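A structural model of the following input is requested.
(4 chains)
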There are 4 protein chains.
Amino acid sequence: MAPQDRFVSENTFHIRYAETDSMGITHHSNYIVFFEEARSHYSRMRGADYADFERSGYWLTVVEVHARYIVPTRYAQRISACCWVEELKSRSMMFGYEIIDADTRQVCVTGYSKHVCIDHSGRVAHIPAGWISVMKTGLPDAKDGD
Amino acid sequence: MAPQDRFVSENTFHIRYAETDSMGITHHSNYIVFFEEARSHYSRMRGADYADFERSGYWLTVVEVHARYIVPTRYAQRISACCWVEELKSRSMMFGYEIIDADTRQVCVTGYSKHVCIDHSGRVAHIPAGWISVMKTGLPDAKDGD
Amino acid sequence: MAPQDRFVSENTFHIRYAETDSMGITHHSNYIVFFEEARSHYSRMRGADYADFERSGYWLTVVEVHARYIVPTRYAQRISACCWVEELKSRSMMFGYEIIDADTRQVCVTGYSKHVCIDHSGRVAHIPAGWISVMKTGLPDAKDGD
Amino acid sequence: MAPQDRFVSENTFHIRYAETDSMGITHHSNYIVFFEEARSHYSRMRGADYADFERSGYWLTVVEVHARYIVPTRYAQRISACCWVEELKSRSMMFGYEIIDADTRQVCVTGYSKHVCIDHSGRVAHIPAGWISVMKTGLPDAKDGD
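Residues are numbered from 1 along each chain as shown, chains lettered A, B, ... in the order given. Prediction:
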């Protein structure tokens, strides 16, 4: 499901005990946090740092999130959070995700999140050119945003 | 957006400090937890208890979740988590949610979650009759499930 | 264990499903969040609002926290988070906590937290007079801080 | 502060955005989770797996936790969670922790946790011999437990 035509980052870690619930599996809300950490990792892998992006006066605020739960994961399981840029526009962008078992590569959870660039007063803003150009390095040539 | 033709539960509480993030707002992953607590509250309001449902040998496992973020909320804000049954089938069900400011009634976040009934061995199962009949009390007469 | 000679706030709520873990009980880290929400509630009960305290330019940063786990709690259990001021000094204060079953009053977890007042540049500061006087209303007459 | 006479595990990771709060720093409750993940990592480094320990019918339940907050950490900061066995007895054990900046080695948070071995019916039990012998490999020769 992860696209073949663009950069896909992959961040591997263990499920923490605190992330499990009474069903004995990873609580579904934690995957939303894994998605977020996956996009932090994506940025690092492209040579950018979301913390710098914030310090420059902007936020990529989350406006929508979606997750589909296919196979549960459990305490101590090694999982990989895969992340790619689904869409890049002048004021917004969308990331895609796949949470997989790091050993078997079985897909456990898929999802996406949509983001709008705002400045620190809360107004919608153009994504700064530097960030756009970094994000573009992860996209196929034909994909120029709007 | 909350439907007028069926029961909508409403659970009011304060945003906790731990639920905020560096943007100074409630972190988006917490609304997934608020959705869950909203359906716990929905069940209680219909006279049922999800803990009993579990003890009877079943789980309503989450297979999909979606959230749309409209207006941020902040530490100490009083919010209400509204919840209703969107759809009730023999083996699955769907809840709808609205997180609103408890005082102004402004809609801050909307969402839904889809659930499948499984037994404790993980197999898809019919939702037990008792739970179906309780959930039906929150639905309009015409809505019979499948 | 909660002191008899001073104001003790009590905030009652249900354990959320997300707060449980694979042991089937409330994960121990969540009580640290309950302690925090208990002190937010304590302030509200004394007519003050920690959010206002922050907006006035200060933080009561946490410098130490301790919890003792006596009896586990579970999903949907109604618990009360009891909170009192253990000590009030010019630049620091200490809260005490008891997490009890709301129905049986059984003590489940006890703890304390120590706080230092800092301004938003991070420097240690005197706790503002207004906050001191509010906090003192919860203390026995003889207790004047330093 | 981490002892020189025994094995100290070190687990390095980035602070997640969701772990920050309105103060712009890592929320203090998350270090309790870092402590836990540090002891999971400790076990792995000694060739044991806490998940196996659980499957063998036991839990090392947390009976006490303490944290001292010295220097705040922030989003995206690389930190190392250091962990060692402070004490090993027949039915209980104690871990010590240090959360440090992974680059500067500055100590940010210190703490400890105390654990009692229970079986799955909740009764206090002897820590199984296999687990004791694994844990002993991290201790100085002179230290034999009780």
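
So is stretch A:126-143 next to chain D?
No: under the criterion of Cβ under 8 Å from any Cβ of the partner chain, chain D is not reached by stretch A:126-143; the shortest gap measures 15.3 Å. Where you see a C-beta, it was placed from the backbone N, CA and C, and this is true even at glycine.

For that stretch, list every residue counted as buried.
Applying a neighbour-count criterion of 16 or more other Cβ atoms under 10 Å in any protein chain shown, one finds A:127, A:131-132, A:134-136, A:138-139 buried in stretch A:126-143.

Pull the residues that contact that stretch.
Here stretch A:126-143 makes contact (Cβ atoms under 8 Å, 6 or more residues apart in numbering or on different chains) with A:5-7, A:42-43, A:46-48, A:53, A:56, A:58, A:60, A:84-85, A:88, A:90-93, A:117, A:144-145.

Which members of these are classed as buried?
If we count by 16+ other Cβ under 10 Å, those have these buried: A:6-7, A:42-43, A:46, A:48, A:53, A:58, A:60, A:84-85, A:88, A:92-93, A:117.

Just name the closest of the residues you listed to chain C, please.
Ranked by distance to chain C (Cβ to the nearest Cβ), the buried ones among the contacts of stretch A:126-143 are led by A:Tyr58 at 21.7 Å.

before we move on, back to that, can you tell me which of the contacts of stretch A:126-143 end up in strands?
Of these, the ones assigned to strands by DSSP state E are A:58, A:60, A:84-85, A:88, A:92-93, A:117.

Mind putting those residues into TSV with pLDDT?
As requested, the ones in strands among the contacts of stretch A:126-143 are arranged in TSV below (pLDDT from 0 to 100):
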residue	pLDDT
A:Tyr58	96
A:Leu60	97
A:Trp84	98
A:Val85	98
A:Leu88	97
A:Ser92	98
A:Met93	98
A:Cys117	98
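
need those in a markdown table with distance to chain B, can you?
Formatted as a markdown table, those follow (distance: Cβ to the nearest Cβ, whole Å):
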| residue | distance to chain B |
| --- | --- |
| A:Tyr58 | 11 |
| A:Leu60 | 10 |
| A:Trp84 | 20 |
| A:Val85 | 19 |
| A:Leu88 | 20 |
| A:Ser92 | 13 |
| A:Met93 | 15 |
| A:Cys117 | 13 |
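
Look at A:His120 and report its pLDDT.
For A:His120, the pLDDT comes out at 93.

scratch that, A:Asp141 is what I was asking about
Reported pLDDT for A:Asp141: 74.

secondary structure element for it?
Assigned by DSSP states H and E, A:Asp141 falls within no helix or strand.

Figure out how far the longest helix along chain A is from the centre of its chain.
Counting by DSSP state H, the longest helix found in chain A is helix A:30-45. Here the centre of helix A:30-45 is set off from its chain's centre by 4 Å, with Cα atoms, centre = their mean, to the nearest Å.

quick one: contacts of it?
Applying Cβ under 8 Å, 6+ apart, the contact partners of helix A:30-45 are A:7, A:9, A:11, A:19, A:49-50, A:53, A:65, A:67, A:69, A:79, A:81-85, A:95, A:97, A:99, A:109, A:111, A:113, A:134, A:138, B:28-29, B:32, D:14, D:16-18, D:76.

check whether stretch A:57-75 contacts chain D.
Yes: Stretch A:57-75 lies within reach of chain D by Cβ under 8 Å from any Cβ, at A:74-75.

buried ones in that stretch?
Residues A:58-69, A:72-73, A:75 are the ones in stretch A:57-75 that count as buried (16+ other Cβ under 10 Å).

ok, so of those, who is nearest chain D?
A:Tyr75 (5.7 Å).

right, and that closest one touches D:Ala51 too?
Yes: using Cβ atoms under 8 Å, A:Tyr75 is in contact with D:Ala51, at 5.7 Å.

gap between the one helix or strand A:Ser80 maps to and the chain center?
Following DSSP H and E, one finds A:Ser80 within strand A:78-88. The chain centre lies 5 Å from the centre of strand A:78-88; the measure is Cα atoms, centre = their mean.

how about that strand against chain D, any contact?
No: judged by Cβ under 8 Å from any Cβ, strand A:78-88 stays clear of chain D, getting no closer than 10.4 Å.

Sheet partners, orientation included, of that strand?
Looking at strand A:78-88 with DSSP bridges, its paired strands and their directions are strand A:9-14 (antiparallel), strand A:92-101 (antiparallel).

center of chain A, which residue is that?
With distances taken as Cα atoms, centre = their mean, chain A has A:Arg39 as the residue nearest its mean C-alpha position (3.3 Å).
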